[in-house]
Structures are given as C-alpha cells and as structure tokens.
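Q: next comes the sequence, and after it the predicted model I'd like to discuss.
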Amino acid sequence: LRLAADRTAGAHPYLTPPRHTREAREVMGAGPLLAPEQKVVLDTDPERARSVGRPVVETPYLSLVNYRSNLMRLGWSEQDLADGGSDALIDTLVAHGDAASVAARLTEHLDAGADHVCAQVLTGGADPVPALRELAAALQLG
C-alpha cells in the first residue's frame, strides 16, 4: 500500500473488508485513490447467499498465500480459512441480504476512506443486471 501511495495513482484492494479499507487509508494517506472490491449477493437467506459466495472465495483465494496472509493479519485463524471458510469469514467477505443491507456494507467502505467501491455482484450464474439495478436504486445512483 505504501508503494501504491508513493508510486502509483492508488490501490484496488481485493477480497478485503471495510476494516482493511480503514487501515489502507491510514497507510496511504489522503491523496491516492482507494477503490476496494466487495463481493455481494442479493439474497436475504444467509445459507443460500453463502452457497453462492463461498465457492468464489474458496477457489482460488483461500489457497493463495498472499490472500491467506492478509486475512490472518486481519485476525482470521487457520480454522476460519479451512474447508471453504467459516460462515463468519464468508459473511465478512461477501456482503449479503436485501439491497439496503448490501448498500450499507458498501457504504462502510466509503466511511472507512474509500474513494470508490467496486461491487462484484455474484448471482450463481443468473443474469446480474436485475441485482445491479436493485443495488443501484438502494444506493440512489439512478
């Protein structure tokens, strides 16, 4: 993050919660662009939402050293990272619920210092456009 702040226009952290966004902003300072990614599933049933989000987190990220190390630095244990990720980990990395709940999670990144949040809408293979429209409405984007 220091290198991104010093030598580039900013950073695009991937697979990170709002806590990381706050830490990244502290490291980078006020100037550089900070645009974290947040996976989202518009579904109010936690089990269904996790069934869509977990495979996307597990493969390949939970087997990659850099992502595992970052998550452990943020306080997650080896147990949280095992077997596709604990429910708590998945709930942190994949915002889910109705559009208002998901919008609130995206706003947490903005409140933590993000300039922009890249919402990766996961649909389990369904057309993402309806979910994107619903989320845009909840965010009052048009």
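A: Structure received. Numbers count the residues shown, from 1 in each chain.
Q: following the helix or strand hosting Q79, which helix or strand comes up?
A: Assigned by DSSP states H and E, Q79 belongs to helix 78-81. Note on helix 78-81: by DSSP H and E, the next helix or strand toward the C-terminus is helix 87-93.
Q: could I have that following helix exported to CSV, CA atoms only?
A: Output of helix 87-93 as CSV, limited to C-alpha atoms (Å, rounded to 0.1, in the frame of the first residue of the first chain):
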residue,chain,number,x,y,z
ASP,A,87,-19.6,-18.7,8.0
ALA,A,88,-18.2,-15.6,9.8
LEU,A,89,-15.4,-15.2,7.2
ILE,A,90,-17.8,-15.6,4.2
ASP,A,91,-20.3,-13.2,5.8
THR,A,92,-17.4,-10.6,6.1
LEU,A,93,-16.1,-11.1,2.6
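Q: what mean pLDDT does the helix or strand that comes right after that helix have?
A: Moving toward the C-terminus from helix 87-93, the next helix or strand (DSSP H and E) is strand 94-97. What strand 94-97 shows for mean pLDDT is 98.
Q: so in that sheet, which strands flank strand 94-97, and in what orientation?
A: Strands adjacent to strand 94-97 in the sheet, as given by DSSP bridges, are strand 37-42 (parallel).
Q: picking that back up, now do the buried residues in the helix holding Q79.
A: For helix 78-81, the neighbour count (16 or more other CB atoms under 10 Å) marks D80, L81 as buried. Using the backbone N, CA and C atoms, a C-beta is placed for each residue, glycine as well.
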